[in-house]
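S.K.: build me a model:
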Amino acid sequence: MSYIFAVITPELFALAFVVTLLGGFVKGAVGFAMPLIMVSGMGIAIAPELIIAGIVLPIVVSNIWQVARAGMGQAREAVLEHWRYIAVVCVMILVSAQFLRRIPTDMLFVVLGVPVVILCLIQIAGWRPVVPPHLRRLVEWVAGAVSGVLGGLTGTWGPPTVLYLLALRTPRDRQMSVQGVIYGLGSVMLFAGHAQSGVLNAQTWPFSAALVVPGLLGMWLGFRLGDKFDADRFRKVTLWVLVIAGVNLVRRGVMG
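M.R.: Model prediction:
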């Protein structure tokens, strides 16, 4: 624990632990939002760069679990169908992660907060984009690039991926397996990108590793209890909480 408390106080680690537990629970229950919750929740009091370092390993491990749970057969099908989108997401996560440490701290709060607010409001509004068949390839490249840049800078490429799949009219029962593959491969690139950028280093990786425990515990609880909730209502409440937290991140960035 001394390695962890070299970069964060016990009180702030307790905050990170609880937020990650909640993020894991929501991911297990509804299949998304773990990075959004971790970024928004920890952003109340923890430095942005440490937040990004902290979310890396929990995201990698939780996404591997999600892929394994969905089944490797469906994973292979997802890769074959969406390989362009997946490839661009992975490349752009790796590239954009290298610019994170060049962004001033106040601006980084804004970079973290604005996508959270916009993406959550889009989902709350229920906007469903439509992609004509002849534009599908272009949308795969563009949407993948946007998702990858957001992923590398904020650790969050889930909401754009959900919109992309909705635009393609992907069946609901197939979305979970496709999301698992995209999140899983993207998280590996996030790990590689921030290991290269220096955000994940000898001082910060113990903190990130420690957060794997509450993340997996939360997911397990979400898998067990998720079917007992009204999924749509639970999802909307989660999104509104994230909007409020995202606005607070922007406030911190603007007001200092």
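S.K.: ok, residue 41 touching residue 21?
M.R.: No - counting by C-beta atoms under 8 Å, residue 41 does not reach residue 21; the two are 10.2 Å apart. For every residue, glycine as well, the C-beta is placed using N, CA and C.
S.K.: quick one: the strands in this structure?
M.R.: Counting by DSSP state E, the chain forms no strands at all.
S.K.: so where's the stretch 101-250 of the chain uncertain?
M.R.: 172-173, 227, 229, 231 (pLDDT under 70).
S.K.: shouldn't residue 156 be in contact with residue 33?
M.R.: No - counting by C-beta under 8 Å, residue 156 does not reach residue 33; the two are 9.0 Å apart.
S.K.: skipping its backbone neighbours, what lies nearest residue 77 in space?
M.R.: The shortest distance from residue 77 to any residue other than its chain neighbours is 7.8 Å, reached at residue 177 (C-beta to C-beta, 6 or more residues apart in numbering).
S.K.: could you do residue 254 as well?
M.R.: Computed as C-beta to C-beta, 6+ apart, the closest residue to residue 254 that is not its neighbour in sequence is residue 110, at 6.8 Å.
S.K.: and the one you found, what does it touch?
M.R.: Residues in contact with residue 110 (C-beta atoms under 8 Å, 6 or more residues apart in numbering) are 249-250, 253-254.
S.K.: 10 Å instead?
M.R.: 48, 103-104, 249-254 (C-beta atoms under 10 Å, 6 or more residues apart in numbering).
S.K.: now, among these, which is nearest to residue 214?
M.R.: Nearest to residue 214 out of these is residue 48 (C-beta to C-beta; 20.2 Å).
S.K.: the residue nearest to that closest one when sequence neighbours are not counted: neighbour count?
M.R.: Using C-beta to C-beta, 6+ apart and skipping residues adjacent in sequence, the residue nearest residue 48 is residue 108, 4.1 Å away. Residue 108 has 24 neighbours, counted by other C-beta atoms under 10 Å.
S.K.: for residue 161, give its distance to residue 147.
M.R.: Applying C-beta to C-beta, to the nearest Å, the value for residue 161 to residue 147 is 6 Å.
S.K.: quick check: neighbours shared by those two?
M.R.: 85-86, 89, 182, 186.
S.K.: which of those ranks first by neighbour count?
M.R.: That'd be residue 89 among these, by other C-beta under 10 Å, with 31 neighbours.
S.K.: test my guess that it contacts residue 142.
M.R.: No - the criterion here is C-beta atoms under 10 Å, and residue 89 misses it with residue 142 at 11.6 Å.
S.K.: average pLDDT across stretch 4-19?
M.R.: Across stretch 4-19, pLDDT averages out at 91.
S.K.: coming back round to it: shared neighbours of residue 156 and residue 33, anything?
M.R.: With C-beta under 10 Å, 6+ apart, residue 156 and residue 33 have common neighbours residue 40.
S.K.: which residues in the stretch 51-200 of the chain form helices?
M.R.: For the stretch 51-200 of the chain, the helices defined by DSSP state H, counting those that start in this stretch occupy 72-96, 105-125, 136-154, 158-167, 172-197.
S.K.: quick one, which of those is nearest to residue 58?
M.R.: It is, among the helices of the stretch 51-200 of the chain and with distance given as C-beta to C-beta, helix 172-197, at 9.2 Å.
S.K.: the closest one packs against which elements?
M.R.: helix 34-42, helix 48-70, helix 72-96, helix 136-154, helix 158-167, helix 205-210 (3 or more C-beta pairs under 10 Å, 6 or more residues apart in numbering; DSSP states H and E).
S.K.: let me know which of those helices is tucked in deepest.
M.R.: Of the helices and strands packed on helix 172-197, the one with the most neighbours on average (mean count of other C-beta atoms under 10 Å) is helix 34-42, at a mean of 28.
S.K.: other SSEs contacting it?
M.R.: helix 10-30, helix 48-70, helix 105-125, helix 136-154, helix 158-167, helix 172-197, helix 212-225, helix 231-255.
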